[in-house]
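Enquirer: give the three-dimensional model of this entry:
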Amino acid sequence: MKVSVRRSGTASGIDTFEVPAVKGRWTVMDVLDYIALNIDPSLGYYRHSVCNQGICGRCGVKVNGKAALACTSKVQEEELLLEPRSGKVIRDLIVEP
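Expert: Below is the predicted model of the structure:
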């Protein structure tokens, strides 16, 4: 699966990764974790292990232009564009609360 992530501090503003995600089984958080653990550990995103059930909302991102919680949103598309939610971007997908 092709995953593009809008990033701060990169020349193009978007980095693209190939991820072996399984449609309907992986969440967006699983995709982000895979990228951070296997491809690019510098990726900035909220990983809040205490919640991970869609309660706190810290992992909010835009997935293909629509607001979503990364921890509960299942991957349904063949390609993903992940962007920070609205607000002041701190780094990559992290915004001020």
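
Enquirer: SS state for the residue sitting furthest away from the middle of the chain?
Expert: Here the chain reaches farthest from its C-alpha mean at residue 11, the gap being 19.3 Å by Cα atoms, centre = their mean. Under the three-state scheme (DSSP: H, G, I helix; E, B strand; the rest coil), residue 11 adopts coil.

Enquirer: quick check, pLDDT for it.
Expert: Note for residue 11: predicted pLDDT of 73.

Enquirer: could you measure from it over to residue 88?
Expert: 22 Å (Cβ to Cβ, to the nearest Å). To be clear about C-beta, it is placed using only N, CA and C from the backbone, and glycine gets the same treatment.

Enquirer: cool, residue 21 as well?
Expert: From residue 21 to residue 88 the distance is 29 Å (Cβ to Cβ).

Enquirer: which one of the two is surrounded by more residues?
Expert: residue 21 (21 against 9; other Cβ atoms under 10 Å).

Enquirer: that one - that's part of a helix, no?
Expert: No: using three-state DSSP, the assignment for residue 21 is coil, not a helix.

Enquirer: all the strands of this protein, residue numbers only.
Expert: Applying DSSP state E to the chain gives strands spanning 2-6, 14-18, 60-63, 66-69, 79-84, 89-91, 94-95.

Enquirer: which neighbouring elements make contact with the longest one?
Expert: Contact here means 3 or more Cβ pairs under 8 Å, 6 or more residues apart in numbering; DSSP states H and E; on that basis strand 79-84 packs against strand 2-6, helix 28-34, strand 60-63.

Enquirer: now for the longest one, which elements pack on it?
Expert: Looking back up the chat, that one is helix 28-34. Secondary-structure packing of helix 28-34 (3+ Cβ pairs under 8 Å, 6+ apart): strand 79-84.
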